[in-house]
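Peer 1: Build me a model:
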Amino acid sequence: MRTRPSKVSLPSNSVPRPRSAWISPKPVRSFACIVPREIENAGVGDKQKRPPDGTLDAWAYDYVLGSTLLGKLEPPAPPEDRALAPASRPLRLEAPGRPPELEVRSVGVRARRGGLRGEKARARLVHAFHHHELQAAELMCWALLAFPEAPAAFREGLVRIALDEVRHMGFYREHLTALGYSVGDFPVRDWFWERVPRVTSPAAFVAVMGMGFEGGNLDHAARFTERFRDVGDDLGARVQEQVGREEIAHVRFAVRWFEEFTGKADFETWARHLPAPLSPMVMRGKPVQRELRLRAGMSEDFVEEMVQWQPAPGS
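Peer 2: Numbers count the residues shown, from 1 in each chain. The predicted model follows:
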């Protein structure tokens, strides 16, 4: 029998903050089509490829390949002096480090309609959301290493978003705690890691990760806000609202840089930058949040085509 913690009491307009105690003990050149000139692939634990100490790239490298839960949930701050972060060649990490507390499986979690009334069902879903945020933070760091020739402002933006994702993990950990669970109590799937590293350019990265998956999260966060509220989980609803609000800026960043890299941000150009087998189908929720996507910088035509898109017959 699981012992539940004391009830978490938060003001209605606040969101939780991360704490270690929640850890379970267990003018730009065209980058649209660039293929890195000399790519080094580094697997987990390949220390020979590690960038120099004190650099932004070393910070990103250590976060992606780190294998402690505390290091994933509360990483050290990135170096303040970005001038100390030269990058010599593209480095594409093949997979992230995983703490022993996280059991990685090949099958993810699906939330069934009406299935969130039980605390365990909600906790399992929140745990999956937490792992989505972890992968997002890692993949922002992955892009720092994969595309060192990208503009400095773009790289700075990746760092800011990575830290936002880490902060979002703190929101989800408090929700887990309120439900009586901890990080590591459920298996996880590295779904985004199985797909995103196929991209070969900064434009493709923001197309997939920012305009695609984070754009889809605008839809999902709005839907799950209502689902948590429907079962009386006010904390869960507020966390979803907060994450959804902050996702708008992430998508706007992606739209801005996609247009900078490719010269346009229309639906057709965006869809061409999605590596197979990814398609717009997995990058939208039901219903599509038109207003939120417009606020994030997508055009009305783009949003309409996203709503209407269907795979070709037989595909």
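Peer 1: chain center to the strand or helix carrying Glu133: distance?
Peer 2: Glu133 is part of helix 119-146 when elements are defined by DSSP states H and E. Chain-centre distance of helix 119-146: 6 Å, with Cα atoms, centre = their mean, to the nearest Å.
Peer 1: now for it, which elements pack on it?
Peer 2: Here helix 119-146 touches helix 56-65, strand 91-93, helix 152-179, helix 202-205, going by 3 or more Cβ pairs under 8 Å, 6 or more residues apart in numbering; DSSP states H and E. Yep, even glycine has a C-beta here, placed from its N, CA and C like the rest.
Peer 1: Mean neighbour count for the ones you listed - can I get that in TSV?
Peer 2: What follows is these, written out as TSV (neighbours: other Cβ atoms under 10 Å):
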stretch	mean neighbour count
helix 56-65	23
strand 91-93	23
helix 152-179	21
helix 202-205	27
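Peer 1: Among those, single out whichever gets nearest to His250.
Peer 2: Of all the helices and strands packed on helix 119-146, helix 152-179 sits nearest to His250, with 5.4 Å by Cβ to Cβ.
Peer 1: And that closest one, what does it pack against?
Peer 2: Secondary-structure packing of helix 152-179 (3+ Cβ pairs under 8 Å, 6+ apart): helix 56-65, helix 69-73, helix 119-146, helix 234-262.
Peer 1: What residues sit buried inside the last one?
Peer 2: By that I understand helix 234-262. Using 16 or more other Cβ atoms under 10 Å as the test for burial, helix 234-262 gives 235-244, 246-262.
Peer 1: Quick check: what element follows that helix along the chain?
Peer 2: helix 267-272.
Peer 1: Asp219: helix or strand, and which one exactly?
Peer 2: Using DSSP H and E, Asp219 falls in helix 215-230.
Peer 1: Look at Asn41 and tell me its secondary structure.
Peer 2: strand (DSSP: H, G, I helix; E, B strand; the rest coil).
Peer 1: I'd like the distance between it and Pro90.
Peer 2: 10 Å (Cβ to Cβ, to the nearest Å).
Peer 1: More neighbours: those two, which one.
Peer 2: Neighbour tally, Asn41 and Pro90, criterion other Cβ atoms under 10 Å: the higher count belongs to Pro90, 19 against 12.
Peer 1: and the gap between the more buried one and Phe192?
Peer 2: Pro90 is 20 Å from Phe192, by Cβ to Cβ.
Peer 1: With Cys141 instead?
Peer 2: On the measure of Cβ to Cβ, Cys141 and Phe192 end up 13 Å apart.
Peer 1: Please identify which of those two sits among more neighbours.
Peer 2: For Cys141 versus Phe192, neighbours defined as other Cβ under 10 Å are more numerous around Cys141 (27 against 18).
Peer 1: how about the more buried one, what does it touch?
Peer 2: Residues counted as contacts of Cys141 (Cβ atoms under 8 Å, 6 or more residues apart in numbering) are 59-61, 63-64, 158, 162.
Peer 1: avg pLDDT for the helix holding Glu133?
Peer 2: Average pLDDT, helix 119-146: 98.
Peer 1: Now do that helix and helix 152-179, the angle between them.
Peer 2: Here helix 119-146 points in a direction 160 degrees away from that of helix 152-179 (axes from the mean of the first three to the mean of the last three Cα atoms, to 10 degrees).
Peer 1: so where is the chain shaky, pLDDT-wise?
Peer 2: Where the chain drops to pLDDT under 70, the residues are 1-40, 42-48, 82-88, 108-114, 314-315.
Peer 1: Give me the most central residue, it.
Peer 2: Ala136 (2.4 Å; Cα atoms, centre = their mean).
Peer 1: tell me the contacts of that residue?
Peer 2: Counting by Cβ under 8 Å, 6+ apart, the residues that Ala136 touches are 161-162, 165, 192, 209, 213-214.
Peer 1: Mind checking what secondary structure Phe186 has?
Peer 2: coil.
Peer 1: Could you count how many residues lie near it?
Peer 2: 21.
Peer 1: Now it. Nearest residue, chain neighbours left out?
Peer 2: Closest residue in space to Phe186, ignoring its immediate chain neighbours: His127 at 4.4 Å, by Cβ to Cβ, 6 or more residues apart in numbering.
Peer 1: Could you double-check that that neighbour sits in contact with Val188?
Peer 2: Yes. If you go by Cβ atoms under 8 Å, His127 and Val188 touch, sitting 7.3 Å apart.
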